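K.L.:
Build the 3D model from these lines:
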Amino acid sequence: MNKKSREIFLRNLRFFVRWTAVSVFIGFSVGFIGAIFRKGVDLMTRNWNTHPEVMFLAPFAGLLIVAWTKLLREEKNGGTNLVMEAITEGKHITGRTAPMIFVCTLLSHAAGMSVGKEGAALMVGGSVGEQIGTLFHFDEDDKKLAVMCGMSACFAAIFGTPLAATVFPMEAIAVGSMYYAGLVPCAFAAFTGACLSSYMGNAGEVFPVNSVPLLTFRTAIPMVCFGICVALLAMAFSMILNKGHHAANKLIPNPWIRIAAGAVLFIVMTQLNLRFFTGAYDFNGGGFPLAEKAMEGEAAWYAFIFKILFTAVAIFAGFKGGEIVPTLCIGGCLGCFFAKLFGLDPMLYTACGMAAMFAGMTNAPVSSLLLAFELFGYAGMPYFVLAIAVAFALSGYYGLYAGQHFSASKLRPAQIHRKGPRSSWEKEDN
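P.N.:
Residues are numbered from 1 along each chain as shown. Okay, the predicted model is just below:
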């Protein structure tokens, strides 16, 4: 090995040793917070499952959310978009972000709102990661890596999927341009956070899909058609969230009135569903119990539509937690409907719907595939790939995150450098 090669190796070794130590530290710190957060969400969910009457306190919970947000002076916090912009544009995440979203998400789940917890995990992890970077006097580039480590650690601690948690921050921040510098830090942080959370008693979400038919031309065609359906639904859901949020803020500018009114509407919708539709609380909470019903072929045919409506009302009103788990549930319910309509396997199509919808809404196909492996096992791999690829390609430049960058075109080998969902672009690009 010549002198230059040794210098390069030693420089890489220093990076490896330094970020191994830092990422493990972030993994333990953020993983512990994430584990406590997961326990809190699970406790709140069990409480409203046991005592569903607490949902009538949703307006009060909403007012507490607004009060807590104002107390921390986080009314203009950009949420997950701010975390993404901290990496791509150098914006800073306040230390108040973590306690703000932590408490607000617990209150939202306590009231049975149709919100997730993984979006909140990205915010908590990103906020704590940046504070650790500041504590260690990192420069701006290293601080971005610390933010990514925090995102991976908290996502893995809450969801129990360290593979997807490793890749998601690197892939979803700028579509078409992976942040490979974060591979070692994010991997070590994710697995540390997941292991610590598991040690503290948090089991990962698992829906094993073991019986899968051999992939043939005959079985591939309906899966491709299903991927097209998922892409259309992802585009529609993205536009609903993007346009509806602004419309709700314009219709009721006062956040106190908006969240109270949204809570009342949500309660009315829940009661209508109890009396005239499924007769259960299928569309309350994140949605994993409903996804389990879908895998068994027992979800109502209209479940994906209702879940969109319930989620939209909760998010537009101002309840916190994110849309990732509801997104998975919506895709799963569409898969169940498609499978029953054409006499296919509901379990396989529910799993593919969850993975493909995640890809269509986050524009992160590699993370979606890894998530599918961790949630459903490897038996359905060919079908997961088909559904995810089709949904990702045909869903266009839409998605959950206004702060997401599209650095490369989905349709041709070209750079486009656009930000946010296509509906917000001033100039179209193919």
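
K.L.:
List the contacts of Gly119.
P.N.:
Gly119 is in contact with Gly79, Thr80, Gly321, Gly322, Glu323, Ile324, counting by C-beta atoms under 8 Å, 6 or more residues apart in numbering. Bear in mind the C-beta positions are built from the backbone N, C-alpha and C, glycine included.

K.L.:
I figured the last one hits Gly116, correct?
P.N.:
What that stands for is Ile324. Yes: assessed by C-beta atoms under 8 Å, Ile324 is found in contact with Gly116 at 4.7 Å.

K.L.:
quick one: which of those two has more around it?
P.N.:
Neighbour tally, Ile324 and Gly116, criterion other C-beta atoms under 10 Å: the higher count belongs to Gly116, 30 against 26.

K.L.:
any chance you could map the helices in the stretch 51-200 of the chain?
P.N.:
Assigned helices in the stretch 51-200 of the chain, in chain order: 58-71, 80-88, 97-110, 118-135, 140-159, 162-172, 183-199 (criterion: DSSP state H, counting those that start in this stretch).

K.L.:
Go through the ones you listed and find the least confident stretch.
P.N.:
When the helices of the stretch 51-200 of the chain are ranked by mean pLDDT, helix 80-88 comes last with a mean of 88.

K.L.:
Next, count neighbours for Ile8.
P.N.:
12.

K.L.:
Same question for Phe306.
P.N.:
Look at Phe306: counted by other C-beta under 10 Å, it has 21 neighbours.

K.L.:
Could I get the contacting residues of the residue most central in space within the chain?
P.N.:
Closest residue to the average C-alpha location of the chain: Ile324 at 3.2 Å, with C-alpha atoms, centre = their mean. Contact analysis of Ile324 by C-beta under 8 Å, 6+ apart lists Gly116, Glu118, Gly119, Phe358, Thr362, Leu400.

K.L.:
quick revisit: looking at the contacts of Gly119, state which has the most neighbours.
P.N.:
Among the contacts of Gly119, the one with the most neighbours (other C-beta under 10 Å) is Gly321, at 30 neighbours.

K.L.:
Let me see the confidence value for it.
P.N.:
92.

K.L.:
Can you classify it as helix, strand or coil?
P.N.:
Secondary structure for Gly321, judged by DSSP: H, G, I helix; E, B strand; the rest coil, is coil.

K.L.:
Tabulate the contacts of Ile324 (TSV), appending distance to Thr270.
P.N.:
Listed next are the contacts of Ile324 as TSV, based on distance: C-beta to C-beta, whole Å:
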residue	distance to Thr270
Gly116	18
Glu118	23
Gly119	22
Phe358	26
Thr362	28
Leu400	24
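
K.L.:
Just name the closest of the residues you listed to Leu386, please.
P.N.:
Using C-beta to C-beta, Phe358 is the member of the contacts of Ile324 that lies nearest Leu386, at 14.8 Å.

K.L.:
From what I see, Met37 and Ala153 are in contact.
P.N.:
In this structure residue 37 is Phe, not Met. No: contact between Phe37 and Ala153 fails when scored by C-beta under 8 Å: they sit 11.7 Å apart.

K.L.:
So which of the two has more stuff around it?
P.N.:
Ala153 (40 against 26).

K.L.:
gap between the more buried one and Ile132?
P.N.:
Noted for Ala153: a distance of 10 Å to Ile132, by C-beta to C-beta, to the nearest Å.

K.L.:
Overlap in contacts, the two.
P.N.:
With C-beta under 8 Å, 6+ apart, Ala153 and Ile132 have common neighbours Ile26, Ser29.

K.L.:
Check Asp429 and give its pLDDT.
P.N.:
pLDDT, Asp429: 53.

K.L.:
Now do the closest residue in space to Pro346 that isn't next to it in sequence: how many residues are near it, please.
P.N.:
Nearest non-adjacent residue to Pro346, counting by C-beta to C-beta, 6 or more residues apart in numbering: Gly297, 3.6 Å away. Using other C-beta under 10 Å, Gly297 is surrounded by 15 other residues.

K.L.:
what helix or strand is Gly297 on?
P.N.:
Using DSSP states H and E, Gly297 sits in no helix or strand.

K.L.:
Quick check on it: phi, psi?
P.N.:
The phi/psi pair for Gly297 (degrees, to the nearest 10) reads phi 80, psi 20.

K.L.:
now it: how far from Asn273?
P.N.:
20 Å.

K.L.:
Which parts of this structure belong to which domain?
P.N.:
Here the domain parsing of the chain from automatic domain parsing is 3-199, 217-424.

K.L.:
which residues of the stretch 301-430 of the chain score low on pLDDT?
P.N.:
422-430 (pLDDT under 70).

K.L.:
Going along the chain, name the helices of it.
P.N.:
303-317, 324-342, 346-362, 365-376, 381-394.

K.L.:
For the first one, name the packing helices and strands.
P.N.:
The one in question is helix 303-317. Packing partners of helix 303-317 (3 or more C-beta pairs under 8 Å, 6 or more residues apart in numbering; DSSP states H and E): helix 217-251, helix 255-276, helix 288-295, helix 324-342.

K.L.:
looking at those, which is closest to Gly201?
P.N.:
helix 288-295 (17.5 Å).

K.L.:
now the angle between helix 365-376 and the closest one, please.
P.N.:
Relative orientation of helix 288-295 and helix 365-376, computed by axes from the mean of the first three to the mean of the last three C-alpha atoms, to 10 degrees: 80 degrees.

K.L.:
State the mean pLDDT of helix 288-295.
P.N.:
95.

K.L.:
what does stretch 248-263 give?
P.N.:
96.

K.L.:
got it, and stretch 267-281?
P.N.:
96.

K.L.:
which parts of it are buried?
P.N.:
Ile267, Met269, Thr270, Asn273, Thr278, Tyr281 (16 or more other C-beta atoms under 10 Å).

K.L.:
Likewise for stretch 127-136?
P.N.:
Residues Ser127, Val128, Gly129, Glu130, Gln131, Ile132, Gly133 are the ones in stretch 127-136 that count as buried (16+ other C-beta under 10 Å).

K.L.:
Residues contacting it, please?
P.N.:
Under C-beta under 8 Å, 6+ apart, the answer for stretch 127-136 is 22, 25-26, 29-30, 33, 83, 86, 92-95, 97-98, 101, 142-143, 145-151, 153-154.
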